[in-house]
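Chemist: generate a structure from the sequence data that follows.
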Amino acid sequence: MKPLQTHTKLKPTGNKFSRVFYLGYYLKELDRIKFQKFLEFTSEKTGKGKTELLSDILSSVFKYNISILEYFQFHFYDLSDKERREWAGTGHMYEYQLRMNPKEKRKILDDKTLFYRNFGEFFVHAVADQKDLVVKPELAEKILSNPSGKIVFKAAAGKCGAEVEIRKTSEFNPKSLVEFMQDHDYDLVEEFIIQHSEINRMSPSAVNTIRMITELNEEGEVELLGCRFRISVDSHVDNMAAGNLAATIDEKTGRVTGKAVYSDITKPDVEYHPVTNVRITGFQIPYWDEIVEMVKRAAKKHPQNRSIGWDVVLTEKGPGLIEGNHDWCKLLWQLPEKKGMKSKLKLV
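Modeler: The predicted structure is shown next:
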């Protein structure tokens with residue numbers, strides 16, 4: 001599912017008129033069904049008329065540099081001016097991430113093949129591109145003999161689960177594996193990940209990842225801006241935009257500190273998983289010290305991108321990277337905390 005708002009098409013002008021362009025972008029990308037749903041819900045909840053709310057939304061887009069839907073998701077209708085100023089919206093994050101991760105430096109994160117080649121030492125599952133499979137046939141054998149019995153094909157530029165295909169290993173041998181990738185324009189093949197039994201107990205419908213957000217400070221040291229547990233809810237993916245949950249993880253202990261939240265404001269926060277009934281609050285993430293150590297090493301490896309949202313998978317063998325996001329999600333970062341966290345972005 002496409003994220004609520006992507007940043008890639010925004011074009012900041014660097015002057016006071018930039019937010020007019022942002023508004024045009026928000027209107028163009030607006031999920032109108034969701035907007036009407038949130039407007040109806042908020043009007044009924046607050047007793048405020050829709051005209052009053054619409055006026056406040058328009059004012060907030062310009063004053064606080066947020067998108068239209070973020071007005072609802074940040075609960076601006078209940079907040080003071082001081083509280084509103086703490087929230088980092090789409091416009092603010094676009095400008096922050098553009099500064100921290102310059103466009104010409106992002107390819108190493110956007111291209112899955114380049115990411116694999118530059119961060120492969122942090123992978124816990126077997127991965128190969130077409131070139132590897134030709135020169136290292138033993139790698140093809142390793143991927144085809146993985147215990148899950150399944151493999152995943154990916155395009156280098158795929159986003160949010162797009163251009164991904166899962167097949168049985170029994171359908172291929174090393175030669176046909178390469179031929180299939182060439183015929184279908186797949187750049188990478190990897191073993192299907194079997195997640196850690198504790199994570200699987202929480203939710204078996206998808207590979208549930210840990211989002212670790214890092215920032216390199218002025219001394220080049222790594223600071224953790226946030227740690228989040230992404231929890232699937234009867235879904236084959238775990239992102240909030242697809243209707244799944246997210247919860248805050250304590251940076252020091254690796255334990256979930258509160259209830260999990262949806263980005264849909266009409267749904268209540270939950271203490272227990274709605275399908276498996278496993279308690280989310282207090283849930284201990286396995287291998288926590290290893291996760292923190294790994295992402296801090298990864299964040300320093302290619303410092304041209306200074307603020308990255310790392311997706312970490314957990315297996316019985318330990319943690320591994322899935323991908324690094326230069327345009328990491330401000331909703332996943334702030335909604336589980338129930339407060340704006342703009343002040344943590346120290347370099348802006």
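
Chemist: which stretches of the stretch 51-200 of the chain form helices?
Modeler: Taking DSSP state H, counting those that start in this stretch, the helices of the stretch 51-200 of the chain run over residues 68-73, 81-84, 90-100, 107-110, 112-119, 130-135, 137-144, 174-184, 197-202.

Chemist: and the stretch 201-348 of the chain, by the same measure?
Modeler: For the stretch 201-348 of the chain, the helices defined by DSSP H, counting those that start in this stretch cover 288-301, 330-334.

Chemist: mean confidence (pLDDT) on the last one, please.
Modeler: Just to be clear, that refers to helix 330-334. Rounded to a whole number, the mean pLDDT of helix 330-334 is 98.

Chemist: output the contacting helices and strands for it.
Modeler: Of the remaining helices and strands, those touching helix 330-334 by 3 or more Cβ pairs under 8 Å, 6 or more residues apart in numbering; DSSP states H and E are strand 222-231. Yep, even glycine has a C-beta here, placed from its N, CA and C like the rest.

Chemist: given the strand it packs on, what are its sheet partners and their directions?
Modeler: Taking DSSP bridges as the criterion, strand 222-231 forms sheet pairs with strand 210-216 (antiparallel), strand 245-248 (antiparallel).

Chemist: got JSON lines for these, with distance to Asp289 and mean pLDDT too?
Modeler: As requested, those are exported to JSON lines (distance: least, Cβ to Cβ, whole Å; pLDDT from 0 to 100):
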{"stretch": "strand 210-216", "distance to Asp289": "13", "mean pLDDT": "97"}
{"stretch": "strand 245-248", "distance to Asp289": "18", "mean pLDDT": "98"}
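
Chemist: possible to save the ones you listed as a markdown table with mean neighbour count and distance to Gly340?
Modeler: What follows is the strands paired with strand 222-231, written out as a markdown table (neighbours: other Cβ atoms under 10 Å; distance: least, Cβ to Cβ, whole Å):
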| stretch | mean neighbour count | distance to Gly340 |
| --- | --- | --- |
| strand 210-216 | 22 | 15 |
| strand 245-248 | 23 | 14 |
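
Chemist: and those: which comes nearest Ile231?
Modeler: Nearest of the strands paired with strand 222-231 to Ile231, taken as Cβ to Cβ: strand 245-248 at 4.2 Å.

Chemist: output the closest one as PDB, nothing but the C-alphas.
Modeler: The C-alpha atoms that make up strand 245-248 are tabulated as PDB, following Å, rounded to 0.1, in the frame of the first residue of the first chain:
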ATOM      1  CA  LEU A 245       0.200  -1.200  14.800                       C
ATOM      2  CA  ALA A 246       3.400   0.400  16.100                       C
ATOM      3  CA  ALA A 247       4.800   0.800  19.700                       C
ATOM      4  CA  THR A 248       7.700   2.500  21.400                       C
END
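
Chemist: show me the contact partners of it.
Modeler: For strand 245-248, contacts defined as Cβ atoms under 8 Å, 6 or more residues apart in numbering pick out 211, 226-233, 240, 256-262, 270, 273, 280-281, 283, 332, 335-337.

Chemist: only the buried subset of the residues you listed, as a PyMOL command please.
Modeler: This is how PyMOL selects the buried members of the contacts of strand 245-248, with burial counted by 16 or more other Cβ atoms under 10 Å:
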select buried, resi 211+226+227+228+229+230+231+232+233+240+256+257+258+259+260+261+262+270+273+280+283+332+335+336
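
Chemist: can you pull out the low-pLDDT segments for this protein?
Modeler: Low-confidence segments of the chain (pLDDT under 70): 1-16, 158-163, 347-348.

Chemist: can you rerun that using 50?
Modeler: 1-14, 348 (pLDDT under 50).

Chemist: rewinding a little: redo the strands paired with strand 222-231 as CSV? Include distance to Ala156.
Modeler: Rendered in CSV, the data for these read as follows (distance: least, Cβ to Cβ, whole Å):
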stretch, distance to Ala156
strand 210-216, 22
strand 245-248, 27
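
Chemist: how about those strands, which one is nearest Ile143?
Modeler: Proximity of the strands paired with strand 222-231 to Ile143 was assessed by Cβ to Cβ; the nearest stretch is strand 210-216, lying at 24.1 Å.

Chemist: got the angle between that closest one and helix 90-100?
Modeler: Inter-element angle recorded for strand 210-216 and helix 90-100: 60 degrees (by axes from the mean of the first three to the mean of the last three Cα atoms, to 10 degrees).

Chemist: relative to helix 288-301, how tilted is strand 210-216?
Modeler: Calculated by the same axes, to 10 degrees, strand 210-216 forms an angle of 40 degrees with helix 288-301.

Chemist: ok, back up a step: to Lys175, which of the strands paired with strand 222-231 lies closest?
Modeler: Distances from Lys175 to each of the strands paired with strand 222-231 were compared by Cβ to Cβ, and the smallest falls on strand 210-216, at 36.9 Å.

Chemist: from the chain's centroid, how far away is the closest one?
Modeler: From the chain centre to the centre of strand 210-216 is a distance of 10 Å (Cα atoms, centre = their mean, to the nearest Å).
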